[in-house]
Each structure stands twice: as C-alpha cells, then as structure tokens.
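[1] Build the 3D model from these lines:
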Amino acid sequence: MKKSLEVIKELIDAIEYADKGENKKAIELLNSILKKDPENFLANYILGIIYKLEGDFEKANECFEKIFLNNFSQLSCNNLICVNFILGNAHKVLYYAEKLEKTKKKCVCVSNFHKALIYMESMEYEKALEELDKLLEVNNKFILAWRFKAEIYKNLGRFEEALTCIEKVIELGGKNSASWMLKGEILENLGKLKEALKAYYVALELNKNLKFLYKKVGYLELTQGNYNEAIKYLGEYLNNYKDVEGKYYLALAYEKTKDYKKALDLYSEVIEELENKKINEVILTNSLIRKAKLLEILGKLEEALELYNKALN
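    Down below sits the predicted model:
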C-alpha cells in the first residue's frame, strides 16, 4: 500500500512538472516509475501526452502502443490515430480507427475524420464521403466536413451536390475567401458564370492578396462583355504572373474594345512564345487567326494571308 501511495505521489508530481512546462523533470520522474512498473497505464499515458506536446511523435507512439497492447484503451487509441496520422502511417490510422469504431461511442468522429483525410489523399472519394457522412451524423454543423464533401463532389464532377455542400459551409459561418473561391469554381463548372463572378468578387473582398484569382475574374468579365473590367483584372494579373493564356485573353479584350495595336502586340507575343512548341496549340492557332483578321481589317492583306497559311499548317 505504501509503494502504491508513493507511485501516486510521483505521478501527481510529474503532472505538476508538466503543467509548469518542466517537461524534462516530468519525463525523468515518469521513466523512473516505469522502470519499477513498466505497464503502469497512467505513467505511459502522461509520458505519451508530454512527448506529443513536445513534437516527439515516435516516442509518443511507443507510449500509447504499450497501453494499447497491454489493455485496449479509447484514450490511447484516439492518440494513436492522431500521432500516426502526423507520422504518415496511413495503414495504422485505419487499423486503430477500426478498433475505436467497434466501441460504438460518439468519439469515433475522430477516427472518421482522419480516415476521410486518408481516403481523400488516396483519391478513394466514395469511401471518404462515407466517413464524412458518419461524422456529420454526430455533428451536422462540422464546417470542415461539409467543405471536404464539396471538394470531393467537385472532383467527381457532381457539381450540384458540391454546390449544396459549399452553400452549407457558408451558411454555417465558413465565410472565408477559400469557401467563396470554391463556390465560384463550382458555379463556373455549372455554367453559371454571372454567379461565379459574384462569388469570386466576394473572395477578393475577403482577401485582396489573391492576385491569381484576377485571371478568372478577368476571363469571366470578358465572357460577359465587360471588356474594360477584363482589361483591368487581366492586366493586373499579368503584372504578377507570366501566363500565355492570360495574355491571350487580354489580347481578346483589347480586340473587342477596338484597340487593335495593343491586341496585335499581344497576339504577336503569344505567337512568339508558342511557335515551334507543342504546347497550347489551340491558343497558338487562335492567335494566328485573330491576328490575321485584324491585319485584314487594317488592309495588310499579304501579312494576313501569311498568318492564315501558318494557322492551316
């Protein structure tokens, strides 16, 4: 009895050391306890938690595995899922998650979440959706689960379902630039370009550093016939990125505003960048044809004819 009381006192001392941030002293004391009693559940658990907090996930894993092997514990199983997820041991995460799920407790949502992430990484989307649905049965307001579902449905080309999920994210309070940008992408795939444009503008209002989004905004403004807005956003985009497709869209916008000189210069740059390269052949051909048409309008028929021939070849 006396020895048991001494161990309890040492465990309390170890917890107090850890609580003060004196992890080295706590670890030394816990290891001292484990030398005398290697299977001490509480000592292994506290030691595992300290190693986890210090970022030493391998040692944390060893501690939790000792508990798991000696006597199944939900606490150790939960921690083994988290630690192995960080260590990249996907097969172990799935193994411990399966063990935890057999307890039929609501805490299984932890395992569902990690399993969903693993299935997403391996592109097993249907399995990921199953795990996310199980999680949402426990907590229907888990924003991240709805967001992941939206991402998966988008990747599967199930855009209506994706839209329902991302709207749920926004409804629940996930009103950040990433959510609105994803909504814009989904709407764009559904052909709802005006709505997509509005979503992208909201994303830009929330985060003005999304310069890469200027290309999408510029392109959609171009499709809506708002050529000056297209020029504004595509021009700003090209100030930050080298992108031949963006340059082609900007040339189209200038052509539509009848600024033929700028359009011709940009088409020439696109052609120069892509000629003799087996990439973006559609953009190259279209640039040749559109430049030829402009030259024809300007009465430069010989130059236009030469470009038409190039486009045909």
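[2] Provide a list of residues in contact with Glu281.
    Going by C-beta atoms under 8 Å, 6 or more residues apart in numbering, Glu281 touches Leu274. All C-beta atoms are positioned from the backbone trio N, CA, C, and that covers glycine.
[3] how far out from the middle of the chain is stretch 77-95?
    Relative to its chain's centre, stretch 77-95 lies at 20 Å (C-alpha atoms, centre = their mean, to the nearest Å).
[4] Identify all contacting residues around it.
    With C-beta under 8 Å, 6+ apart, stretch 77-95 has contacts from 48-49, 52, 57-58, 60-61, 64-65, 68, 96-97, 99-100, 107, 110-111, 114-115, 117-118, 121-122.
[5] Which positions within that stretch qualify as buried?
    77-85, 89-90, 92-94 (16 or more other C-beta atoms under 10 Å).
[6] Could I have the CA atoms of that stretch written out in PDB?
    Output of stretch 77-95 as PDB, limited to C-alpha atoms (Å, rounded to 0.1, in the frame of the first residue of the first chain):
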ATOM      1  CA  CYS A  77      -6.500   4.600 -29.400                       C
ATOM      2  CA  ASN A  78      -7.500   8.200 -30.000                       C
ATOM      3  CA  ASN A  79      -4.000   9.400 -29.500                       C
ATOM      4  CA  LEU A  80      -2.600   6.600 -31.700                       C
ATOM      5  CA  ILE A  81      -4.800   7.700 -34.600                       C
ATOM      6  CA  CYS A  82      -3.600  11.400 -34.200                       C
ATOM      7  CA  VAL A  83       0.100  10.500 -33.800                       C
ATOM      8  CA  ASN A  84       0.200   8.000 -36.700                       C
ATOM      9  CA  PHE A  85      -1.700  10.500 -38.900                       C
ATOM     10  CA  ILE A  86       1.100  13.000 -38.200                       C
ATOM     11  CA  LEU A  87       3.700  10.400 -38.800                       C
ATOM     12  CA  GLY A  88       2.100   9.500 -42.200                       C
ATOM     13  CA  ASN A  89       1.300   5.900 -41.200                       C
ATOM     14  CA  ALA A  90      -2.000   5.700 -43.000                       C
ATOM     15  CA  HIS A  91      -2.400   1.900 -42.600                       C
ATOM     16  CA  LYS A  92      -2.000   2.300 -38.800                       C
ATOM     17  CA  VAL A  93      -4.500   5.100 -38.600                       C
ATOM     18  CA  LEU A  94      -7.100   2.900 -40.400                       C
ATOM     19  CA  TYR A  95      -6.300   0.000 -38.100                       C
END
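[7] Could you tell me the average pLDDT over it, please?
    The average pLDDT within stretch 77-95 is 87.
[8] Please parse this structure into its domains.
    1-71, 89-139 (automatic domain parsing).
[9] average model confidence for stretch 48-55?
    Per-residue scores along stretch 48-55 average to 91.
[10] Tell me the buried residues in it?
    Gly48, Ile49, Ile50, Tyr51, Lys52.
[11] tell me which of these is nearest to Glu302?
    Distance to Glu302 across the buried residues of stretch 48-55 (C-beta to C-beta) is lowest for Lys52, with 75.1 Å.
[12] Mind checking which of the buried residues of stretch 77-95 are in helices?
    77-85, 90, 92-94 (DSSP state H).
[13] wait, which of those is closest to Lys278?
    Ala90 (38.1 Å).
[14] how close does that closest one get to Ile81?
    Per C-beta to C-beta, to the nearest Å, Ala90 is found 11 Å from Ile81.
[15] Ile27 too?
    Taking C-beta to C-beta, one finds Ile27 at 23 Å from Ile81.
[16] can you check Asn140 too?
    22 Å.
[17] would you put the C-alpha positions of the helix or strand bottoming out on mean pLDDT in the chain in PDB?
    Each helix and strand of the chain was given a mean pLDDT (mean pLDDT, DSSP states H and E); the minimum falls on helix 2-19 at a mean of 80. Taking Å, rounded to 0.1, in the frame of the first residue of the first chain, the C-alpha atoms of helix 2-19 are listed here in PDB:
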ATOM      1  CA  LYS A   2       2.900   2.300   0.900                       C
ATOM      2  CA  LYS A   3       4.500   1.700  -2.500                       C
ATOM      3  CA  SER A   4       1.200   2.400  -4.300                       C
ATOM      4  CA  LEU A   5       0.900   5.700  -2.500                       C
ATOM      5  CA  GLU A   6       4.500   6.700  -3.400                       C
ATOM      6  CA  VAL A   7       3.700   6.000  -7.100                       C
ATOM      7  CA  ILE A   8       0.600   8.000  -6.900                       C
ATOM      8  CA  LYS A   9       2.500  10.900  -5.400                       C
ATOM      9  CA  GLU A  10       5.200  10.600  -8.100                       C
ATOM     10  CA  LEU A  11       2.500  10.700 -10.800                       C
ATOM     11  CA  ILE A  12       1.000  13.800  -9.300                       C
ATOM     12  CA  ASP A  13       4.400  15.400  -9.100                       C
ATOM     13  CA  ALA A  14       5.000  14.500 -12.800                       C
ATOM     14  CA  ILE A  15       1.700  16.100 -13.800                       C
ATOM     15  CA  GLU A  16       2.600  19.200 -11.900                       C
ATOM     16  CA  TYR A  17       6.000  19.400 -13.500                       C
ATOM     17  CA  ALA A  18       4.400  19.000 -17.000                       C
ATOM     18  CA  ASP A  19       1.800  21.600 -16.100                       C
END
